[in-house]
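Asker: can you look at this prediction? I've put the sequence above it.
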Amino acid sequence: MASPYRQKVRGIRKSSLVITVAANATPEVIWNLTQGGQNPRTAIIRKIMAYNDVGAITLEFAVAGVNILPVLRLLNNIDNEWLEDEIPEVEVGGDITVETDLLGVQVQLEIEEVGS
Amino acid sequence: MPALPQLYPYKAGPIEFIVMPGETVGVWVNKVYNFFKVLYIEGTPRSDPLEIDFGALGAGAVSGVVQLTFLEMPDNEFGQFRAEVLDDISALLYQGRADQRHKLNIRVATYTRFTALHDPDGHEGEFYVHENNWAFMQVTNQTDYALAQTRVAFWGFRYVLEQFPESVYSWTARPQRLPEQWTRVPATAHL
């Protein structure tokens, strides 16, 4: 269901590559924060897509080892999606890592980067 | 018949230049208007070189008063700028260093993240910088957690000027010699 509330657009939308998680329970960078010219940028996860046919259960996103969202429950053999209305407005200033309990899950993010 | 453009400072909506080339402006600096002919106008888009990061600030902390060095204008130019706050801070504008802008009798309005919700184009916070009458900002972390960055972005127009001699137009002469039509540019806070 669409949210009735929309803030002014804050940044530019970009997407990560499709990552196939390479190791069990090991964080792996999925989004390298853009350097920007002279000032730092920040990033907000807007969409998450994950395909799981390996029986994985958990999906986690973190910055510098600290989870930025609660652990998400992966379902098997289905495309798992979390859209903007379902994701808290978490703004981070570092590279985002993804982690699943079993390797082989495909994950992609849509990111809004704030800055100039 | 084409309509004449309606141009003036603080105009609502996306930023527009406030005069056309060839028109006359009076720039308010040091409590007098100085009169210039506008020769040339150029846009300065919102972009990385026009964004300042006041740096990391602890919860509730206040930065120093920092000169917006990149908004300094060359001789015979003034700039028209709008601002957008990117992090959860309030930013107080000074022109010069001891003169706050957007002030009432006992309070001074600031730029915050909320400003853009009500004024998406930033016209209420428009300000003008003439030559070396610099702008400064002081920012406050409004949250109860530390911020790693405190950023404000700017965009606008620059105007190249040719000054009218005092013998032509003068605010200080008595009686004053004023242009028939001119646009008032509030380039400092001196009142």
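Answerer: In hand now; what should we look at?

Asker: can I get the worst-scoring helix or strand of chain B on mean pLDDT as CSV, trimmed to CA atoms?
Answerer: Of all helical and strand segments in chain B, the minimum by mean pLDDT, DSSP states H and E falls on helix B:115-118, at a mean of 91. Provided in CSV are the C-alpha atoms of helix B:115-118 (Å, rounded to 0.1, in the frame of the first residue of the first chain):
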residue,chain,number,x,y,z
THR,B,115,12.4,24.4,5.9
ALA,B,116,12.4,22.4,2.7
LEU,B,117,9.1,20.7,3.6
HIS,B,118,7.3,24.0,3.7
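
Asker: I'd like the distance from the next helix or strand after it to the chain centre, please.
Answerer: Counting by DSSP states H and E, the element after helix B:115-118 in chain order, helix or strand, is strand B:127-130. Centroid separation for strand B:127-130 versus its chain: 4 Å, with Cα atoms, centre = their mean, to the nearest Å.

Asker: check stretch B:107-117 too.
Answerer: 15 Å.

Asker: for stretch A:17-34, same thing?
Answerer: In terms of Cα atoms, centre = their mean, the centre of stretch A:17-34 is set 9 Å apart from its chain centre.

Asker: what lies in contact with the worst-scoring helix or strand of chain A on mean pLDDT?
Answerer: Sorting the helices and strands of chain A by mean pLDDT, DSSP H and E puts strand A:78-82 at the bottom, at a mean of 94. For strand A:78-82, the external contacting residues (Cβ atoms under 8 Å, 6 or more residues apart in numbering or on different chains) are A:47-52, A:59, A:72, A:74. Quick note: C-beta positions are derived from backbone N, CA and C, even for glycine.

Asker: could you rerun that using 10 Å?
Answerer: With contacts defined as Cβ atoms under 10 Å, 6 or more residues apart in numbering or on different chains, strand A:78-82 is touched by A:45-53, A:56, A:59, A:69, A:72-74, A:105-107, A:109.

Asker: where does chain B have low pLDDT?
Answerer: B:1, B:190-191 (pLDDT under 70).
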